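Asks: Next comes the sequence, and after it the predicted model I'd like to discuss.
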Amino acid sequence: MVDTTRTPAQRIPILERIGVRQVINAGGTITLAGGSNMAPETTAAMAEVANAFVFIEELNAAVGKKIAEATGAEAGYVTSCSAAAMTIAAAACITGTDQVKISKLPDTTGMKNEFLIHRSHRIGYDQAYRVAGGKLIEFGLPYKTAAWEMEAAVTENTIGAIYHDTPNVGPGALPFPEFVAIAHKHKLPVIVDSASMLPPVDHLRRWIRQGADLVIYSGGKGIRGPQDTGLLAGRTDLIAAARLNGPPHASVGRGMKTSKEAMVGLWVALDTFLSRDHDIDYAAHLAQARALADFFETCADTRVVINDNREEWPAPILRIFPISGSWDPATVDAALMSGNPAIKIVAEWGGLLIHTHGLYPGQEQIIIDRLSELLPPK
């Protein structure tokens, strides 16, 4: 993720012409701040194909082959984002390759349309499954789930099982091998959404290796591809059904188009991601996190914690809390957002979250300089 070709406060003339502020992204590879930063070779490839015509399905199949190789899946498919992949994955499970069913979505009258999901795994984006006509059936408790609860949730209308790989879920889910075993016992395909959990590279392969039937990743986060790309990988039959439910077909996913430029950009970004030394990137982001933590140690009424668990976060994060309430996290967040450049962090759970994943070298100092005006010194 670290791009040493760019200076911390580099001007982007086109944004100045349009009249839009730049953002220093300390909130992670989030959609509202533009996703990730693409490498020069990715943007060059996108420009190269911009004036060419191709058959979109042929190009998608070629990039899908790259996705399959990278994930260890039987087949792959490019979507317009990970949320689109959620919709198309649900559609694929509901309809298979039945053209009559495909033509009726999102109306699932007379079709199996229920997807099992841990109550602890409900997230704000899971509406995407319902866009295809899916119905989410919760089981378990937010803090604990028993195998019998998943078994009891299976009905004659159950068509799949959903598992979310993100630090934003609760702790109450069944272990994944047990989840898969129960789903497969009932011949239910397992969909795993792991949109934002890259790098490391092994996270691309872990879910297929452990038995998932469809896996979803964002192309515009850790892979550093175009923001409007997603990866759907899995069984050959389900990917064939996904293709029929997605563009350019007149189906439920028709509006979820991915341009030829974005597909080519994703191919290059994925190729680069697989060969990149992510340990070097991680070490650079960890140094940024420690520099920020050192600053917060000089602030009054402030507690800071670094989370550098790579299984939970692709790059180190910091959580900062007021101890006795002499400063307000929401006020600090708003002040950072109001500047030019704006600084995007996250105010949540009574504190602030700073994610180093999207920071260019030197931007941690800009954040420190701005925060030194807002937080009381010791």
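Replies: That came in fine, so what should we check first?

Asks: is it true that Ser80 touches Asp228?
Replies: Yes - between Ser80 and Asp228 there is a contact at 5.2 Å, judged by C-beta atoms under 8 Å. The way it works is simple: take the backbone N, C-alpha and C, and place the C-beta from them, glycine included.

Asks: so what sits against both of those two?
Replies: Here Ser80 and Asp228 share the contacting residues Thr258, Ala262, scored by C-beta atoms under 8 Å, 6 or more residues apart in numbering.

Asks: Those two: which has the busier surroundings?
Replies: Using other C-beta atoms under 10 Å, the more surrounded residue of Ser80 and Asp228 is Ser80, with 25 against 21.

Asks: Name all residues that make contact with the more buried one.
Replies: Asp228, Thr229, Gly230, Met256, Lys257, Thr258, Ala262.

Asks: at 10 Å what do you get?
Replies: 87-88, 219-220, 226-230, 246-247, 253, 255-259, 262 (C-beta atoms under 10 Å, 6 or more residues apart in numbering).

Asks: Let's see the pLDDT reported for it.
Replies: Looking at Ser80, its pLDDT reads 97.

Asks: List only buried entries from the contacts of Ser80.
Replies: For the contacts of Ser80, a neighbour count by 16 or more other C-beta atoms under 10 Å gives the buried set as 87-88, 219-220, 226-230, 246-247, 253, 256, 258-259, 262.

Asks: mind listing which of these are in helices?
Replies: Counted as lying in helices by DSSP state H, out of those, are Thr87, Ile88, Ala262.

Asks: Take these and lay them out in TSV including distance to Met111 and pLDDT.
Replies: Shown next, in TSV, are those (distance: C-beta to C-beta, whole Å; pLDDT from 0 to 100):
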residue	distance to Met111	pLDDT
Thr87	16	98
Ile88	16	98
Ala262	31	98
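
Asks: Tabulate these (TSV), appending distance to His164.
Replies: Shown next, in TSV, are these (distance: C-beta to C-beta, whole Å):
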residue	distance to His164
Thr87	15
Ile88	17
Ala262	25
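
Asks: Among those, pick out the one closest to Thr145, please.
Replies: Of all these, the one sitting nearest Thr145 is Thr87; the distance, using C-beta to C-beta, is 25.6 Å.

Asks: Look up how far Tyr143 lies from that closest one.
Replies: 29 Å (C-beta to C-beta, to the nearest Å).

Asks: Same question for Ser259.
Replies: Distance of Ser259 to Tyr143, computed by C-beta to C-beta: 43 Å.

Asks: hang on, isn't Ala70 packed against Gly225?
Replies: No - the pair Ala70 / Gly225 is not scored as a contact, 11.9 Å apart, by C-beta atoms under 10 Å.

Asks: higher neighbour count, those two?
Replies: Counted by other C-beta under 10 Å, Ala70 and Gly225 do not tie: Gly225 has more neighbours, with 32 against 20.

Asks: got the contact list for the closest residue to that one other than its chain neighbours?
Replies: Sequence neighbours aside, Ala269 is the residue nearest to Gly225 in space, at 3.4 Å (criterion: C-beta to C-beta, 6 or more residues apart in numbering). Counting by C-beta under 10 Å, 6+ apart, Ala269 makes contact with 36, 38-39, 41-43, 45-46, 219-220, 222-226, 229, 262.

Asks: got it, and Pro200?
Replies: The neighbours of Pro200, taking C-beta under 10 Å, 6+ apart as the test, are Arg206, Gly222, His278, Asp279, Tyr282, Arg310, Glu311, Pro314.

Asks: 7 Å - rerun?
Replies: His278, Arg310 (C-beta atoms under 7 Å, 6 or more residues apart in numbering).

Asks: so how far is His278 from it?
Replies: 6 Å.

Asks: swap in Gln288?
Replies: Taking C-beta to C-beta, one finds Gln288 at 15 Å from His278.

Asks: Just want to know which of the two has more residues nearby.
Replies: The neighbour count for Gln288 versus His278, taken as other C-beta under 10 Å, is higher for Gln288 (24 against 18).

Asks: Test my guess that the more buried one contacts Thr356.
Replies: Yes - using C-beta atoms under 7 Å, Gln288 is in contact with Thr356, at 4.8 Å.

Asks: tell me the average confidence for stretch 16-26?
Replies: pLDDT averaged over stretch 16-26 gives 92.

Asks: picking up where we left off before, of the ones in helices among the buried ones among the contacts of Ser80, just say which sits nearest to Pro329.
Replies: Closest approach to Pro329 among those (C-beta to C-beta): Thr87, at 34.1 Å.

Asks: what's the neighbour count on Asp328?
Replies: 13.

Asks: May I have the phi/psi pair for the closest residue to Gly351 other than its chain neighbours?
Replies: Leaving aside its chain neighbours, Gly351 sits nearest to Phe321 (3.8 Å; criterion: C-beta to C-beta, 6+ apart). Per-residue torsions, Phe321: phi -130, psi 140 (degrees, to the nearest 10).

Asks: so who does Phe321 touch?
Replies: Arg303, Gly350, Gly351.

Asks: Could you confirm the first one falls within a strand?
Replies: If I follow you right, that is Arg303. Yes - counting by DSSP: H, G, I helix; E, B strand; the rest coil, one finds Arg303 located in a strand.
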